[in-house]
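# here's a sequence, model it:
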Amino acid sequence: MATSVLATRSHEGAEQTLRLQLARHGDHPGILDGAWWPHSRDLARELPVLLAVLDPLWGRITHASVHRATWPHIPGKVPAAGHILRLGWFDAEQDAHTISLLSYTVGRWDLLVVPPPRSCYLPRRRAAALSRAGRRRPARRSGAVPRG
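The predicted structure is shown next:
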């Protein structure tokens, strides 16, 4: 079973609703920790809203990585939740539809990213099934360092 998070956060004077579904961690953690439906492909706008909700739940998220082909612009640093998030990218090493979030206190979290304009159409059951499937990967990949 998954927990849906719909929160409205203000970022740079604009209200934005965060669309997020998190997997419940129990005896059988999945490959994915949840799903995120960003409103745009602008990471500088979307990530502060995501981190405003996730930082209190998962600890301060300090680094993130994305697939380069999914996002038109990947800034190296993004101000978010009262600190700076360092953002890197991968090509072949990371699935094009995921974001990896790293926290020094908790470890690594991977979210399925449902990019716009399809954001409204992916059924939540599918996202929940993806977050339950398989086993959790270790917090670090062997030798994989995000580019950026």
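
# CA only for contacts and neighbour counts going forward, please
Noted.

# beta partners of residue 16?
When bridges are taken as DSSP bridges, the partners of residue 16 come out as residue 9.

# pretty sure it contacts residue 49?
Yes. Residue 16 is in contact with residue 49 according to Cα atoms under 8 Å; the separation is 7.5 Å.

# any low-confidence regions in this structure?
1-15, 25-30, 118-148 (pLDDT under 70).

# the helices in it, which residues?
Counting by DSSP state H, the chain has these helices, from start to end: 43-58, 124-132.

# okay, now the residue lying closest to residue 39 once chain neighbours are set aside: neighbour count?
Nearest-residue entry for residue 39: residue 116, 6.1 Å, with adjacent residues in sequence omitted and distances by Cα to Cα, 6 or more residues apart in numbering. Burial measure for residue 116: 13 neighbouring residues, criterion other Cα atoms under 10 Å.

# ditto for residue 57
Residue crowding around residue 57 was assessed by other Cα under 10 Å; the count is 10.

# residue 41 versus that one, what's the distance?
Using Cα to Cα, to the nearest Å, residue 57 is found at 24 Å from residue 41.

# wait, residue 66 sits on residue 98?
Yes. Judged on Cα under 8 Å, residue 66 makes contact with residue 98 at a distance of 6.6 Å.

# and the two? Which one has more around it.
Comparing residue 66 with residue 98 by neighbour count (other Cα under 10 Å), the higher total belongs to residue 66, at 26 against 21.

# how near is the more buried one to residue 24?
23 Å.

# try residue 51
Distance, residue 51 to residue 24, by Cα to Cα: 18 Å.

# settle it for me: which of these two has more neighbours?
When neighbours are counted by other Cα under 10 Å, residue 51 and residue 24 differ, and residue 51 comes out ahead with 22 against 17.

# identify the residues contacting that one.
Taking Cα atoms under 8 Å, 6 or more residues apart in numbering as the definition of contact, the neighbours of residue 51 are 61, 80-81.

# residue 90: which of the residues you listed is nearest?
Distances from the contacts of residue 51 to residue 90 were compared by Cα to Cα; the smallest belongs to residue 61, at 18.3 Å.
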